[in-house]
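Engineer: sequence first, then the predicted structure, then my questions.
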Amino acid sequence: MMPIGETLKNARMKKEYTFEYLEEATKIRAKYLKALEEDQFDVLPGPVYAKAFLRTYAKYLELDTEDIMMEYNLMANNAPPPVVVESKEIEREPVAGGGKKWRYLAAGAAVVALLAFNALYNTDKRAEDNKPDIPQTVQQEPAGQSSTPENNNTPKDTVPQPVQGVRVVLKVSDDPSWMRVEADGNTIFSGTLEPGQMKDFQAEQRIFLHVGNAGAVEVSVNGKDLGRLGAVGKVEKKTFTVGEEPNLTQG
């Protein structure tokens, strides 16, 4: 079986996820995600967190979590046992009330175990709740971005309003298309548009597009219709910058 870290890394690269994106989606710090991909489990805070982070990461990458956890448990069980330094116990005389002391310690240990279980459960639940449904849903875009609903009666020759900076309008036809849009370096939209849907984005300096099905997306920049972004089924990345003549020529 392929090592755990290599399995995670291959799945992430296949989906073209960055560590920055995964840190936000799974609520697990990027350095811990890198440690999981490098099989450096000792970098994580402890075995409990290692298992929780591994299960969450594997589930988000749509891997078989049961196989991943079984492989981790086998690896952990085959690890060399810690070196134990023998020390001679000093015999102590029994002290009155000792039984009560041990009962307090046992109760404290039970509380710690309960807190650890709760932390593990909540970590897994938070990551699951934050998983975006890609490519089945369209995420809500931030405030300030306008969204044009489907309207077959909208005139195609409407004169665009003058804008400052860069304005990009995307319209999807024929087939659904997943896309991610950045404005001045900040991701402002990530999701899937269905045929007939349209999105309007603005930025002061530049807009970056990462589109999964370029042949289904028509693009207009500052009122200039550029046609289809690319070929059907092809992934395209394109940047439009203020002051530059918009075109679809690939560099």
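Structural biologist: Happy to help now that I have it.
Engineer: all contacts plus neighbour counts: C-alpha atoms, from now on.
Structural biologist: Fine.
Engineer: just for this protein, where's the confidence low?
Structural biologist: Within the chain, the stretches with pLDDT under 70 are 1, 78-104, 106-163, 249-251.
Engineer: please repeat the previous calculation with a cut-off of 50.
Structural biologist: 81-97, 124-125, 127-152, 154-160, 250-251 (pLDDT under 50).
Engineer: which residue ranges form the strands in it?
Structural biologist: 147-148, 166-172, 177-183, 186-193, 198-203, 206-211, 217-221, 224-228, 236-241 (DSSP state E).
Engineer: how about the ones you listed in a markdown table, adding mean neighbour count?
Structural biologist: Output for the strands of the chain, formatted as a markdown table (neighbours: other CA atoms under 10 Å):
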| stretch | mean neighbour count |
| --- | --- |
| strand 147-148 | 12 |
| strand 166-172 | 21 |
| strand 177-183 | 21 |
| strand 186-193 | 19 |
| strand 198-203 | 20 |
| strand 206-211 | 21 |
| strand 217-221 | 21 |
| strand 224-228 | 15 |
| strand 236-241 | 17 |
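Engineer: ok, which of these comes nearest Ala30?
Structural biologist: Ranking the strands of the chain by proximity to Ala30 (CA to CA) places strand 186-193 first, at 17.7 Å.
Engineer: show me what contacts Ala11?
Structural biologist: Leu61, Leu63 (CA atoms under 8 Å, 6 or more residues apart in numbering).
Engineer: how far away is it from Gln164?
Structural biologist: For Ala11, the distance to Gln164 equals 41 Å [CA to CA, to the nearest Å].
Engineer: also Met69?
Structural biologist: 53 Å.
Engineer: between the two, point out the one with more neighbours.
Structural biologist: Neighbour count, other CA atoms under 10 Å: between Met69 and Gln164, Met69 has more, with 17 against 11.
Engineer: which one is that one nearest to, not counting chain neighbours?
Structural biologist: Arg55 (7.0 Å; CA to CA, 6 or more residues apart in numbering).
Engineer: and the one you found, how many neighbours?
Structural biologist: 18.
Engineer: that one contacts Thr65, correct?
Structural biologist: Yes. At 6.0 Å, Arg55 counts as touching Thr65 under the criterion of CA atoms under 8 Å.
Engineer: what sits closest to Lys237 if chain neighbours are left out?
Structural biologist: Lys237 sits nearest to His210 (CA to CA, 6+ apart), 4.5 Å away.
Engineer: bridged to that neighbour, which residues?
Structural biologist: Arg180, Lys237 (DSSP bridges).
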